[in-house]
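*Asks:* mind looking at a prediction? Sequence and model below.
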Amino acid sequence: MEKKEKEEAVKFLLGLLALNGCSAPGRNPGFQAAAKQMTVSKDDLGRWFAEWKADGRKGDAVGGIRPFCLALAAFLQEAEAVESAVALLKRQAGRLGFPAAGLDRAFAERAALLDEESVVKRAARLESLLAAAPGAAPAAAPGAAVKAVPRGVAAPVPAPAAAEAPIFIANQVTYEGLDELQRLLLAHELGFHVAIDGPPGVGKTQSVIEASRILGTHLYTKTCSSRTTESHIIAFPVLAQRDGATVTEYVDGPLCRAMREGAVFYGDEFNLLKEDVQKRMNSAFDERRSVDRPDGADVKAAPGFWAVISYNPTRNITSRDLEDSVADRFLHMHFCRWDSDFKAYVSLNRSQRTRRSALRTENDFGIRLGWRGVSRGLQFYLGEAKGKEVVWRDFFTGGPVRGEPEHRYLVHDDASMFRKDPDSVRRVLADFERQAYSRIELTRVIARYADLLHSLATTGESPLLAKIGLGNIKEKEDLELLQLHAGSARIEIAAMTHYQYLTGRGWNRYLAQAYAARLVIDQLCYGQYRDRKLRDSTVYELCTSIARNFRLLADNAQYNTRLVAEALLPR
């Protein structure tokens with residue numbers, strides 16, 4: 001190993017130790033093992049320590065991949081300190097061209113890695129794990145230098161080879177035809193944070209990882225629990241030496257790092273946080289875009305900052321998934337369970353650990369996968385396979401496009417209105433579009449729809465029911481059991497912002513209207529509210545039924561918005 005590589009590894013390891021309050025690295029077992037196996041002399045160690053202390057970078061040095069892996073290999077021995085250093089390690093990994101998923105994989109295999117006593121061999125194994133992660137940069141040739149990315153600049157993620165790289169498969173498609181990647185990227189583009197709920201194993205985390213990869217920005221993650229405090233997420237205290245005295249300093253947690261860098265913060269299992277911890281971050285997620293650290297420092301969000309949280313809805317009816325004021329600051333998306341054939345397709349291919357070229361085809365499982373793509377400027381593509389080629393067209397208009405998308409992926413659509421007979425659906429949509437609400441009418445109807453549901457949830461009745469043909473709903477459903485999120489104007493603003501953006505891109509006006517309504521429905525009955533039983537219907541089914549009577553969603557060929565406009569919107 002070159003002396004420069006040893007120096008970089010030692011300085012980075014010193015930073016990791018300082019991050020966790022270790023003021024005597026010479027007594028640290030991981031540090032001792034690394035220094036000994038790298039044959040670092042006492043003179044070099046003393047000089048590098050002095051330079052590191054004077055420089056004050058505290059582990060922020062950017063070195064090559066090998067020194068980085070050596071430092072990480074030694075640091076894995078510090079079981080109690082691993083979690084608090086994940087954010088710093090992920091930032092360093094991103095600058096070296098590795099995705100955060102690579103580090104997640106490395107930490108997941110920590111026990112197996114520690115079975116290897118040699119830190120050097122352990123580092124080589126780590127390098128292989130990181131390089132094999134989805135979206136990782138190609139491994140550098142032995143001895144080759146790695147170009148560092150300047151501080152504050154997201155590391156570009158090289159596009160994978162089309163034939164061999166793992167392909168993301170979108171599988172959460174709305175009735176209007178938008179998949180989860182498109183929905184996430186739309187929310188990011190329009191400045192809305194996102195909350196995803198759904199059962200385990202349906203792709204919540206993977207979709208966020210893929211979206212951040214497409215955006216080319218770093219992803220800071222935090223898996224939450226009831227024991228997670230604000231210091232784990234916002235900033236945590238460390239002891240440091242200053243002018244011979246021990247002082248307490250604060251180090252940014254994953255949220256503050258993402259805010260400063262204009263990156264992505266992802267909070268997994270966010271509902272497990274105590275309510276006061278959830279509310280503590282409200283200012284970061286609303287129009288203020290700032291959060292105050294415990295030491296009084298005010299951290300402002302840089303342009304591009306985006307937050308996504310996810311959770312598995314609780315079945316405890318006495319508790320909430322999210323504190324109401326927190327839920328109000330997010331756009332809500334629900335991920336459904338996979339159908340059995342798609343689950344079988346994914347299970348077999350992942351168990352074989354094969355590349356795309358060796359995957360079993362969807363025809364073996366009776367499912368159909370289609371191509372989609374996305375490029376800069378949020379250009380969405382729809383692909384049609386013709387032999388070995390894929391012909392691309394504009395997703396919104398269906399018109400021809402020049403070139404190919406920068407990122408391509410597959411989609412499994414078992415829920416949209418296009419899944420069976422797309423051509424027939426498009427003919428019906430032409431009629432729906434002619435009858436869709438105008439922009440002003442839609443804004444007013446959505447506001448009345450939200451007010452009606454709020455009235456039903458609080459008083460059990462509303463004077464608007466008779467006007468939309470649902471005067472007998474009290475006899476059909478037990479409205480005393482109806483509980484909904486008390487949404488504010490934020491969700492209506494988000495719905496209309498999406499509507500105007502989608503119609504501006506040439507999408508069918510009815511589809512844009514229906515998607516805007518869906519955003520409102522998904523927020524009002526997010527999480528555990530969604531599937532609560534009333535009598536014959538669930539909360540979600542009731543909200544959807546009422547939306548159809550408002551003509552926000554079509555239910556049959558007699559779709560006519562004039563009925564509602566004349567009854568509810570007097571001029």
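*Replies:* Perfect, I can see it now. Numbering: from 1, shown residues only.
*Asks:* which elements pack onto the host helix or strand of Leu456?
*Replies:* Element membership for Leu456 (DSSP states H and E) is helix 439-459. For helix 439-459, the elements it packs on are helix 464-467, helix 489-504, helix 509-524, helix 539-549, helix 562-568, judged by 3 or more C-beta pairs under 8 Å, 6 or more residues apart in numbering; DSSP states H and E. The way it works is simple: take the backbone N, C-alpha and C, and place the C-beta from them, glycine included.
*Asks:* among these, which comes closest to Glu433?
*Replies:* Among those, helix 509-524 comes nearest to Glu433, with 4.8 Å by C-beta to C-beta.
*Asks:* rewinding a little: what's the angle from the helix holding Leu456 to helix 489-504?
*Replies:* Here the directions of helix 439-459 and helix 489-504 differ by 150 degrees (axes from the mean of the first three to the mean of the last three C-alpha atoms, to 10 degrees).
*Asks:* show me how the chain divides into domains.
*Replies:* 3-131, 174-334, 340-417, 425-568 (automatic domain parsing).
*Asks:* hey, least reliable of the ones you listed by pLDDT?
*Replies:* Lowest mean pLDDT within these: domain 3-131, at a mean of 65.
*Asks:* residues near the residue lying closest to Leu524 once chain neighbours are set aside, how many?
*Replies:* Excluding its sequence neighbours, the residue lying closest to Leu524 (C-beta to C-beta, 6 or more residues apart in numbering) is Leu484, at 4.9 Å. Leu484: 20 surrounding residues under other C-beta atoms under 10 Å.
*Asks:* for Leu484, give me its contacts.
*Replies:* Listed by C-beta atoms under 8 Å, 6 or more residues apart in numbering, the contact set of Leu484 reads Leu453, His454, Ala457, Leu524, Cys525, Tyr529, Val539, Cys543.
*Asks:* 6 Å - rerun?
*Replies:* Applying C-beta atoms under 6 Å, 6 or more residues apart in numbering, we find Leu484 in contact with Leu453, Ala457, Leu524, Cys525.
*Asks:* do the same with Asp431
*Replies:* If you count contacts by C-beta under 6 Å, 6+ apart, Asp431 has none.
*Asks:* now do the SS call for it.
*Replies:* What DSSP: H, G, I helix; E, B strand; the rest coil gives for Asp431 is helix.
*Asks:* the strands in the protein, which residues?
*Replies:* Counting by DSSP state E, the chain has strands at residues 169-170, 194-197, 219-223, 235-242, 245-252, 264-268, 290-292, 298-300, 306-311, 331-334, 369-375, 379-386, 389-394, 407-412.
*Asks:* could you dump those into JSON lines with mean neighbour count and distance to Arg434 added?
*Replies:* Shown next, in JSON lines, are the strands of the chain (neighbours: other C-beta atoms under 10 Å; distance: least, C-beta to C-beta, whole Å):
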{"stretch": "strand 169-170", "mean neighbour count": "20", "distance to Arg434": "30"}
{"stretch": "strand 194-197", "mean neighbour count": "26", "distance to Arg434": "32"}
{"stretch": "strand 219-223", "mean neighbour count": "23", "distance to Arg434": "43"}
{"stretch": "strand 235-242", "mean neighbour count": "15", "distance to Arg434": "55"}
{"stretch": "strand 245-252", "mean neighbour count": "14", "distance to Arg434": "53"}
{"stretch": "strand 264-268", "mean neighbour count": "24", "distance to Arg434": "40"}
{"stretch": "strand 290-292", "mean neighbour count": "17", "distance to Arg434": "46"}
{"stretch": "strand 298-300", "mean neighbour count": "14", "distance to Arg434": "47"}
{"stretch": "strand 306-311", "mean neighbour count": "25", "distance to Arg434": "36"}
{"stretch": "strand 331-334", "mean neighbour count": "24", "distance to Arg434": "29"}
{"stretch": "strand 369-375", "mean neighbour count": "19", "distance to Arg434": "28"}
{"stretch": "strand 379-386", "mean neighbour count": "16", "distance to Arg434": "23"}
{"stretch": "strand 389-394", "mean neighbour count": "15", "distance to Arg434": "21"}
{"stretch": "strand 407-412", "mean neighbour count": "20", "distance to Arg434": "28"}
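*Asks:* just put those strands in a markdown table and tack on distance to Ala9.
*Replies:* Output for these, formatted as a markdown table (distance: least, C-beta to C-beta, whole Å):
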| stretch | distance to Ala9 |
| --- | --- |
| strand 169-170 | 38 |
| strand 194-197 | 38 |
| strand 219-223 | 24 |
| strand 235-242 | 21 |
| strand 245-252 | 21 |
| strand 264-268 | 28 |
| strand 290-292 | 34 |
| strand 298-300 | 30 |
| strand 306-311 | 33 |
| strand 331-334 | 42 |
| strand 369-375 | 38 |
| strand 379-386 | 42 |
| strand 389-394 | 44 |
| strand 407-412 | 34 |
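*Asks:* among the ones you listed, which is nearest Leu519?
*Replies:* Nearest to Leu519 among the strands of the chain is strand 331-334 (6.4 Å), distances taken as C-beta to C-beta.
*Asks:* please export the C-alpha coordinates of that closest one as PDB.
*Replies:* What follows is strand 331-334, C-alpha atoms only, in PDB (Å, rounded to 0.1, in the frame of the first residue of the first chain):
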ATOM      1  CA  LEU A 331     -48.100  14.200   0.200                       C
ATOM      2  CA  HIS A 332     -49.300  10.700   1.000                       C
ATOM      3  CA  MET A 333     -48.900   7.600  -1.200                       C
ATOM      4  CA  HIS A 334     -50.200   4.200  -0.500                       C
END
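*Asks:* which residues does the one residue sitting closest to the centre of the chain contact?
*Replies:* What sits nearest the mean C-alpha location of the chain, by C-alpha atoms, centre = their mean, is Val208, with 2.8 Å. Neighbouring residues of Val208 by C-beta under 6 Å, 6+ apart: Tyr266, Val308.
*Asks:* circling back to that earlier point, tell me the most packed of the contacts of Leu484, by neighbour count.
*Replies:* Ranking those using other C-beta under 10 Å puts Cys525 first, with 28 neighbours.
*Asks:* against Ala344, how distant is it?
*Replies:* Using C-beta to C-beta, to the nearest Å, Cys525 is found at 31 Å from Ala344.
*Asks:* again with Gly296
*Replies:* Computed as C-beta to C-beta, the Gly296 to Ala344 distance reads 55 Å.
*Asks:* okay, those two: which has more neighbours?
*Replies:* Ala344 (16 against 7).
*Asks:* Leu410 and Leu322, how far apart?
*Replies:* Plainly put, Leu410 is 31 Å away from Leu322 if you go by C-beta to C-beta.
*Asks:* for Val401, that is, sorry about that
*Replies:* As judged by C-beta to C-beta, Val401 and Leu322 stand 39 Å apart.
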